[in-house]
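Undergrad: fold the following.
(one chain, ligands or ions: 1)
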Amino acid sequence: MAMSLKRPQLEENLTAEKRHKIKRKKAPWWHSDIIYQVYPRSFCDSSGDGTGDLKGIASKADYLKELGVGTVWLSPIFSSPMADFGYDVANFTAIEPLFGTMDDFDALRAALHDRGLRLVLDFVPNHSSDEHEWFVKSRRKEEPYADYYIWADPKGFDEEGQPIPPNNWLSVFRGPAWTWAEERQQFYFHQFLAKQPDLNFRNQRVRDEMKNILKFWLDKGIDGFRIDAIKHLFEVADLSQDEPVAKNSGVEDPMDYGCLSHPFTVNQPETFEVVKEWRDIMDQYPEKLMMVEMWDRDIGEVMKYYGSDSVPLADFPFNFLLIDSFRNRSDLSGAALKDALDLWMDNMPEGKWPNWVLGNHDNGRVGSRFGEDLIDALNMLVLLLPGTPVTYYGEEIGMVDATVSWEETQDPQGRHYGREKYLEHSRDPARTPMQWDSSAFAGFTKGKSTWLPVNKNYKTLNVQAQSRADTSHLKIYKELARLRKREPFAGGRTAYPVVTREAFSVLRYLEGYESYLLVMNTSEEELEVDLHQHANMELPPTAEVVLRSVTDTAEATVPGSEVNLSELKLVAGEGLLLRFAEF
Ligand code: NOJ
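TA: Below you'll find the model as predicted:
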């Protein structure tokens with residue numbers, strides 16, 4: 001079917017497309033892979049102690065393969081006292097016994113590689129655990145470790161003789177970022193918990209240690225790293241400066257991190273030198289992926305981590321705009337979605353590759369943030385856009401936040417805010433055990449308890465039930481994983497023909513192939529939309545339904561049916577994937 005498109009919009013799209021077009025022949029593997037984040041404590045427990053482990057993950061390798069994801073990223077699996085559930089590392093090259101042994105790790109890597117899946121590890125360079133040997137020795141001023149961390153003398157002493165921290169810097173988790181070490185009679189700096197002292201990257205030895213750790217795991221055959229808390233890597237060298245109070249933050253609690261702005265503790269220029277050193281190491285191995293965790297309101301700061309053509313840095317900083325731009329359903333509209341997508345694409349440096357993140361272990365689950373009715377539509381969106389989707393475990397079955405009482409709360413961020421406020425800050429609700437089936441503890445463990453409670457909805461919301469059902473989130477997800485390999489998605493162009501308050505649409509097309517049109521109803525009401533009336537380009541009169549959200553049970557949209565684009569009906573939050581003949 002030949003289409004004529006209204007010029008201005010098309011040209012705009014094509015220019016953008018051209019700008020970001022990567023020659024398919026050369027595309028690295030992560031351009032086509034879905035990255036699947038496993039939170040190891042919560043995926044599958046083989047030992048029966050109530051906490052997930054490496055053998056458990058390996059036992060699900062077939063599941064991951066059948067799901068259609070290409071790469072598994074594991075949150076930290078290294079030796080840790082678990083003050084921040086693995087993001088406090090006591091030995092960067094040892095496996096945490098709770099998760100298993102190095103042999104278990106090797107077996108997991110082999111199980112994934114044997115199935116053509118890749119394995120990416122979390123690298124946590126900003127800090128170690130206070131139980132790391134380096135810190136224990138540093139606290140004793142033992143060389144060469146004395147200067148491995150950020151140590152500072154007190155600014156003075158208060159009336160009771162207590163030491164006063166060198167400045168007002170705050171921890172991301174609330175409260176002062178300085179803790180007094182009796183043994184050394186100095187403060188040490190920690191951007192996160194007191195049990196997570198910040199490493200001193202101005203010390204060449206520390207830099208070398210961290211590089212050797214990267215090499216250690218690369219030599220073990222892993223496929224890349226997700227790098228934690230990158231913007232926190234450096235602080236200014238002059239510790240005498242207070243950070244200014246943030247303007248209009250709306251934060252009243254003076255101990256809350258949001259109360260200050262952070263010119264001296266994040267995104268320091270030296271960070272990029274270190275990332276470049278890591279890039280160089282990774283480039284000594286064939287095709288290793290580097291993703292960096294970078295939260296920042298300033299999109300320009302985020303984009304710096306891509307580097308440039310002459311100085312490439314990360315393959316991508318995570319794109320958190322689908323989390324950050326809308327905290328709840330009322331912020332979400334077709335137009336707002338378009339703005340969020342554009343914000344990334346328009347700011348991304350030339351020749352770089354996008355990525356889309358709907359959720360992770362630090363945020364509420366996507367169905368709880370926006371409403372469960374949107375789960376399929378959002379999976380359709382991130383899996384069908386050009387770019388690498390990052391799926392948080394359980395998103396494929398539409399897991400939602402669980403209720404975790406104060407007594408059951410484990411997350412230090414939640415606990416720091418106390419009984420009254422923990423619900424606003426705890427990350428536990430999104431970290432509960434994976435729901436495999438309707439047996440005890442959702443099939444996550446054969447033990448008698450779990451480290452966090454299993455969501456009460458597990459009897460009906462689980463992998464087994466969704467595999468058996470005629471339609472389910474899981475079946476839609478698998479179909480999307482299959483579809484995204486087709487040419488119009490893998491190498492095609494993108495346009496957004498209809499964007500209104502309630503409706504959003506994405507067109508993927510490529511000469512010589514069928515075109516696909518995803519239409520989303522972002523509202524909480526049923527929507528009847530005339531796509532022709534709103535479209536900024538010509539669309540065919542009718543199209544065939546390929547996929548629809550589980551919530552839509554209408555006769556007219558059964559997959560395979562022909563629908564009229566002038567009177568398209570979508571239930572609240574629905575995603576409808578349509579197909580029509582070539583443009
Ligand atoms: C970011 C991680 O995603 C989060 O879970 C952790 O608490 C902090 N970094 C500190 O490592």
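Undergrad: contacts, neighbours, all on C-alpha from now
TA: Fine.
Undergrad: now D198: closest residue in space that isn't a chain neighbour?
TA: H127 (4.2 Å; C-alpha to C-alpha, 6 or more residues apart in numbering).
Undergrad: strands along the stretch 451-583 of the chain, start to end?
TA: Counting by DSSP state E, counting those that start in this stretch, the segments of the stretch 451-583 of the chain that form strands are 493-495, 503-509, 515-521, 527-529, 542-548, 562-564, 568-570, 575-580.
Undergrad: partner strands of the fifth one, parallel or antiparallel?
TA: Applying DSSP bridges, strand 542-548 is found paired with strand 562-564 (antiparallel), strand 575-580 (antiparallel).
Undergrad: could you dump the ones you listed to a markdown table with mean neighbour count?
TA: Conversion of the strands paired with strand 542-548 to a markdown table gives the following (neighbours: other C-alpha atoms under 10 Å):
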| stretch | mean neighbour count |
| --- | --- |
| strand 562-564 | 17 |
| strand 575-580 | 25 |
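Undergrad: dump the ones you listed to CSV, plus distance to P349 and mean pLDDT.
TA: Converted to CSV, the strands paired with strand 542-548 look like this (distance: least, C-alpha to C-alpha, whole Å; pLDDT from 0 to 100):
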stretch, distance to P349, mean pLDDT
strand 562-564, 39, 98
strand 575-580, 30, 98
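Undergrad: indicate which one of those strands is closest to K304.
TA: Ranking the strands paired with strand 542-548 by their distance to K304 (criterion: C-alpha to C-alpha) puts strand 575-580 first, at 33.5 Å.
Undergrad: follow-up on the earlier one: quick one: closest of the strands paired with strand 542-548 to the ligand.
TA: Between the ligand and the strands paired with strand 542-548, the tightest spacing by C-alpha to the nearest ligand atom is seen for strand 575-580, at 29.5 Å.
Undergrad: residues in contact with the closest one: which ones?
TA: With C-alpha atoms under 8 Å, 6 or more residues apart in numbering as the test, strand 575-580 has contacts from 374, 376-378, 380, 514-521, 540, 542-549, 570.
Undergrad: I'd like to know how many residues surround the residue nearest to D198.
TA: Close neighbours of H127, defined as other C-alpha atoms under 10 Å, add up to 27.
Undergrad: please tell me how far I375 sits from the ligand.
TA: Distance of I375 to the ligand, computed by C-alpha to the nearest ligand atom, to the nearest Å: 22 Å.
Undergrad: so what's whichever residue of the stretch 351-500 of the chain sits closest to the ligand up against?
TA: Nearest residue of the stretch 351-500 of the chain to the ligand: D362, at 5.5 Å (C-alpha to the nearest ligand atom). Each residue near D362 by C-alpha under 8 Å, 6+ apart is listed here: 427, 430.
Undergrad: need the strands paired with strand 542-548 in a markdown table (columns: distance to P354).
TA: Formatted as a markdown table, these follow (distance: least, C-alpha to C-alpha, whole Å):
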| stretch | distance to P354 |
| --- | --- |
| strand 562-564 | 32 |
| strand 575-580 | 22 |
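Undergrad: which element, helix or strand, includes M345?
TA: helix 334-347 (DSSP states H and E).
Undergrad: swap in V89?
TA: Secondary structure assignment for V89, by DSSP H and E: no helix or strand.
Undergrad: the ligand versus the residue nearest to D198, what's the distance?
TA: Taken as C-alpha to the nearest ligand atom, the span from H127 to the ligand is 7 Å.
Undergrad: and if you look at A556?
TA: Distance from A556 to the ligand, by C-alpha to the nearest ligand atom: 43 Å.
Undergrad: and the next helix or strand past the helix ranked longest in the chain?
TA: Longest helix of the chain, by residue count under DSSP state H: helix 204-219. Per DSSP H and E, helix 204-219 leads on to strand 224-227 as the next helix or strand towards the C-terminus.
Undergrad: for the residue nearest to D198, list the residues it contacts.
TA: 88-89, 190, 196-199 are the contacts of H127 under C-alpha under 8 Å, 6+ apart.
Undergrad: just the buried ones from these, in ChimeraX syntax?
TA: With 16 or more other C-alpha atoms under 10 Å as the criterion, this ChimeraX line picks the buried residues out of the contacts of H127:
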select :88,89,190,196,197,198,199
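Undergrad: ok, which pair from the contacts of H127 is furthest apart?
TA: Across the contacts of H127, the longest distance by C-alpha to C-alpha is 13.7 Å; it joins V89 and H190.
Undergrad: which stretches in the stretch 1-150 of the chain count as strands?
TA: 35-38, 71-74, 78-79, 91-95, 118-123.
Undergrad: again but with the stretch 251-400 of the chain, I slipped
TA: 289-292, 316-317, 355-357, 388-392.
Undergrad: so what touches the following helix or strand past the last one?
TA: Elements were assigned by DSSP H and E; along the chain past strand 388-392, the next helix or strand is helix 412-416. Outside helix 412-416, the residues within contact range by C-alpha under 8 Å, 6+ apart are 83-84, 173-174, 409, 421-427.
Undergrad: what's the answer for stretch 492-507, then?
TA: Contacts for stretch 492-507 (C-alpha under 8 Å, 6+ apart): 10, 13-14, 17, 333-335, 337-338, 381, 385-386, 508-510, 515-523, 527, 529, 531, 534-537.
Undergrad: name the nearest residue to the residue of the stretch 151-300 of the chain found nearest the ligand, sequence neighbours excluded.
TA: Across the stretch 151-300 of the chain, no residue is closer to the ligand than A229, which sits at 4.9 Å (C-alpha to the nearest ligand atom). Of all residues not flanking A229 in the chain, E293 sits nearest, at 5.6 Å (C-alpha to C-alpha, 6+ apart).
Undergrad: so that neighbour touches L233, yeah?
TA: No - look at E293 against L233 with C-alpha atoms under 8 Å: they stay out of range, at 11.6 Å.
Undergrad: who has more neighbours, the two?
TA: The neighbour comparison of E293 against L233 (other C-alpha under 10 Å) goes to L233, with 25 against 18.
Undergrad: lowest average confidence, helix or strand, in this protein?
TA: When each helix and strand of the chain is scored by mean pLDDT, DSSP states H and E, helix 7-20 comes last, with a mean of 44.
Undergrad: number of residues surrounding Q162?
TA: 11.
Undergrad: contacts only, for the residue of the stretch 51-200 of the chain found nearest the ligand.
TA: Here the stretch 51-200 of the chain gets closest to the ligand at one residue, Y87, 4.5 Å apart by C-alpha to the nearest ligand atom. Applying C-alpha under 8 Å, 6+ apart to Y87 gives the contacts 76, 80, 124.
Undergrad: ok, now S310?
TA: S310 neighbours (C-alpha under 8 Å, 6+ apart): none.
Undergrad: P349 versus that one, what's the distance?
TA: 12 Å (C-alpha to C-alpha, to the nearest Å).
Undergrad: so what sits against both of those two?
TA: With C-alpha under 8 Å, 6+ apart, S310 and P349 have no common neighbours.
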